[in-house]
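Undergrad: turn this into a model:
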Amino acid sequence: MKRMDLVAKVLHDIKYGVRLLARAPGFAAAAILTVALGIGATTAMFSVVYGVVLKPLPYKDPDRLVNLWSTAHKRGLPRAYVGMANVHDWRARNHVFEEIAALRAVANFNLTGVGEPERLNASRVEARLFHVLGVTPLIGRTFTEDEDEIGHERVAILTYSSNVPNVGNEPNVDWRTVTPDYFRTMQIPLLSGRGFTEADDERAPLVMILDERVAARVFGNASPIGRRVRIAVANQPWHTVVGVVGHIRHDRLDDDVRPQVYWNYKQRTQDRMALVVRMQAPAAMPSGFLRGTSVSSRRGWGPGASAEKIAPAFAASLAAAIRSVDPEQPVYDARTLEAVVDRSLGSRWLQTVLLGAFASIALLLASIGVYGVIACAVGQRSREFGIRLALGATRREIVALVMRRGTALFAAGAGIGLFAAAATARVLATLLFNVTSSDLISFSSATIVLFLVALAACGIPARRAARVDPSIALRAE
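TA: Residues are numbered from 1 along each chain as shown. Next up is the predicted model:
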């Protein structure tokens, strides 16, 4: 019986609450919408934060894993690669960690001999790493310590997600490099001197090209052409400066401090390089351009066609040309420069979208709050409005009275908000590119938008106040 009485009381309270909300539908809508937005925003925020920050790593006891690195402050490197001699020394003197293992997380290899050549992302690791991470292979075994030794047969472990075909017959791993006239292709201006030529090969004197900032930092106003330079690292050879080119943002739009020095690839061979190709305008492409690709028509490829639309077919044609020379050379990660920039901004786009979403929710909640306050004030002053109308006030004057109340609330809130925005400008500066944290246009635009929203939120209560019937309002008291 007690349980039934409790249920009956709860149902009675719910019915009573519904009746109260029905008497004030405006207030009810504002309250319900506020709660719904609050719950939805909190849930969405937690989902994102959990996936990016809080979700535990797929290792045993991830809270016990730490990352160690060396420093080279004299070379401007707060984090530097750790030499294996240091790793062995740390391991010998270790009295803190259960185990130490070395790895180089970034390494790319070519998989050939099993169908289409592929490019695989890989890590160079010690055998101890799997014990440190607390992981075991689904099939086969991990490395043994004798396989860490130089000269041992090369072995590899594949991840389950590596979409690799049957890898029998010991696939080959190799490295190749191809490069065009980089400066002309990337349209990096040559400011003085010359670019690289075919004569700058491994038999010619070593040459280099500086970017304008490095040239100014090292040589000041003097010409660097013909001067000899070497990188301040042990056993680095001297190079003769033959040209100066314009400065570019090489890594990210928000990182513009990296010195830029260029060597000829024939004189300073790298184990991995990128091929940069500039596409012709669609109208200038040869008639056989699409031969052998999956695109069968050039319909819609006029002068205004976008690079993103043309790029897949161009990449397929380029891959076919490369494989006609070297069938075992994988062609991978073919993207337009615009896509490269978009990828570099991926984390910033996520931050911007999240901030924009929460700002929109905050704006909506603020609008609901302004509406609720003004609507409540109008309801409490309905008798006053009736008297004013009875004494000859026009409905336009009543609307203006309510709107002035809303404008005063907006002015107070805007003042507090602008002060808070100015105080947090340094935090916002890390999320901006080519826009100052105190940008007048941004502050003005935001204030105007909020003002228009506040006016709209005040409009409904103001019109309701203007429709008050004086006789009904007076009789209600």
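
Undergrad: so how far is Val52 from the most centrally placed residue in the chain?
TA: Nearest residue to the geometric centre of the chain (C-alpha atoms, centre = their mean): Ser347, 1.8 Å. Computed as C-beta to C-beta, to the nearest Å, the Ser347 to Val52 distance reads 9 Å. No exception for glycine: its C-beta is placed from N, CA and C like everyone else's.

Undergrad: could you pull out the strands for this protein?
TA: Along the chain, counting by DSSP state E, strands occupy 70-72, 77-80, 103-111, 118-125, 190-193, 207-211, 228-229, 239-245, 261-263.

Undergrad: give me whichever of these is most buried.
TA: strand 207-211 (a mean of 24; mean count of other C-beta atoms under 10 Å).

Undergrad: low-confidence bits of the stretch 251-400 of the chain, can you list those?
TA: 254-255, 280-309 (pLDDT under 70).

Undergrad: show me where it has helices.
TA: 307-325, 337-344, 346-380, 382-390, 395-423 (DSSP state H, counting those that start in this stretch).

Undergrad: packing partners for the last one?
TA: What that stands for is helix 395-423. helix 346-380, helix 382-390, helix 440-466 (3 or more C-beta pairs under 8 Å, 6 or more residues apart in numbering; DSSP states H and E).

Undergrad: next one: the third one
TA: Judged by 3+ C-beta pairs under 8 Å, 6+ apart, the packing partners of helix 346-380 are helix 25-49, helix 395-423, helix 440-466.

Undergrad: of all the ones you listed, which one is nearest Ile188?
TA: Between Ile188 and the helices and strands packed on helix 346-380, the tightest spacing by C-beta to C-beta is seen for helix 440-466, at 31.3 Å.

Undergrad: and the pLDDT at Asn221?
TA: Looking at Asn221, its pLDDT reads 91.

Undergrad: adding distance to Gln270, write the helices of the stretch 251-400 of the chain out as a markdown table.
TA: As requested, the helices of the stretch 251-400 of the chain are arranged in a markdown table below (distance: least, C-beta to C-beta, whole Å):
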| stretch | distance to Gln270 |
| --- | --- |
| helix 307-325 | 18 |
| helix 337-344 | 19 |
| helix 346-380 | 26 |
| helix 382-390 | 79 |
| helix 395-423 | 47 |
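
Undergrad: just put the strands of the chain in a markdown table and tack on distance to Pro56.
TA: Formatted as a markdown table, these follow (distance: least, C-beta to C-beta, whole Å):
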| stretch | distance to Pro56 |
| --- | --- |
| strand 70-72 | 28 |
| strand 77-80 | 24 |
| strand 103-111 | 19 |
| strand 118-125 | 20 |
| strand 190-193 | 51 |
| strand 207-211 | 43 |
| strand 228-229 | 48 |
| strand 239-245 | 47 |
| strand 261-263 | 42 |
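
Undergrad: circling back to that earlier point, mean neighbour count, the helices of the stretch 251-400 of the chain: which tops it?
TA: Using mean count of other C-beta under 10 Å, helix 382-390 ranks as the most buried of the helices of the stretch 251-400 of the chain, with a mean of 18.

Undergrad: okay, the angle between it and helix 440-466?
TA: Angle, helix 382-390 to helix 440-466, by axes from the mean of the first three to the mean of the last three C-alpha atoms, to 10 degrees: 80 degrees.

Undergrad: give me the angle between helix 382-390 and helix 395-423.
TA: Using the same axes, to 10 degrees, helix 382-390 lies at 130 degrees relative to helix 395-423.

Undergrad: name the helices or strands packed onto helix 382-390?
TA: Secondary elements touching helix 382-390 (3+ C-beta pairs under 8 Å, 6+ apart): helix 395-423, helix 470-476.

Undergrad: out of the helices of the stretch 251-400 of the chain, which gets nearest to Trp69?
TA: Nearest of the helices of the stretch 251-400 of the chain (C-beta to C-beta): helix 346-380, 21.3 Å.

Undergrad: angle of the closest one against helix 440-466?
TA: 30 degrees.

Undergrad: could you give the angle of helix 346-380 to helix 337-344?
TA: Going by the same axes, to 10 degrees, helix 346-380 makes 70 degrees with helix 337-344.

Undergrad: ok, now which ones touch Asn94?
TA: Listed by C-beta atoms under 8 Å, 6 or more residues apart in numbering, the contact set of Asn94 reads Ile100.

Undergrad: quick one: it from Arg128, how far?
TA: For Asn94 relative to Arg128 (C-beta to C-beta), the value is 12 Å.

Undergrad: so what sits against both of those two?
TA: Common neighbours of Asn94 and Arg128 (C-beta under 8 Å, 6+ apart) are Ile100.

Undergrad: I'd guessed Arg463 sits against Arg396; true?
TA: No. Judged on C-beta atoms under 8 Å, Arg463 makes no contact with Arg396 at a distance of 11.1 Å.

Undergrad: nearest to Arg79, of the helices and strands packed on helix 382-390?
TA: helix 395-423 (32.1 Å).

Undergrad: quick one: contacts for Ile188?
TA: 182, 245-246, 248 are the contacts of Ile188 under C-beta under 8 Å, 6+ apart.

Undergrad: how about those residues in a markdown table, adding pLDDT and distance to Gln260?
TA: Formatted as a markdown table, those follow (pLDDT from 0 to 100; distance: C-beta to C-beta, whole Å):
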| residue | pLDDT | distance to Gln260 |
| --- | --- | --- |
| Tyr182 | 88 | 12 |
| Val245 | 95 | 8 |
| Gly246 | 93 | 10 |
| Ile248 | 88 | 7 |
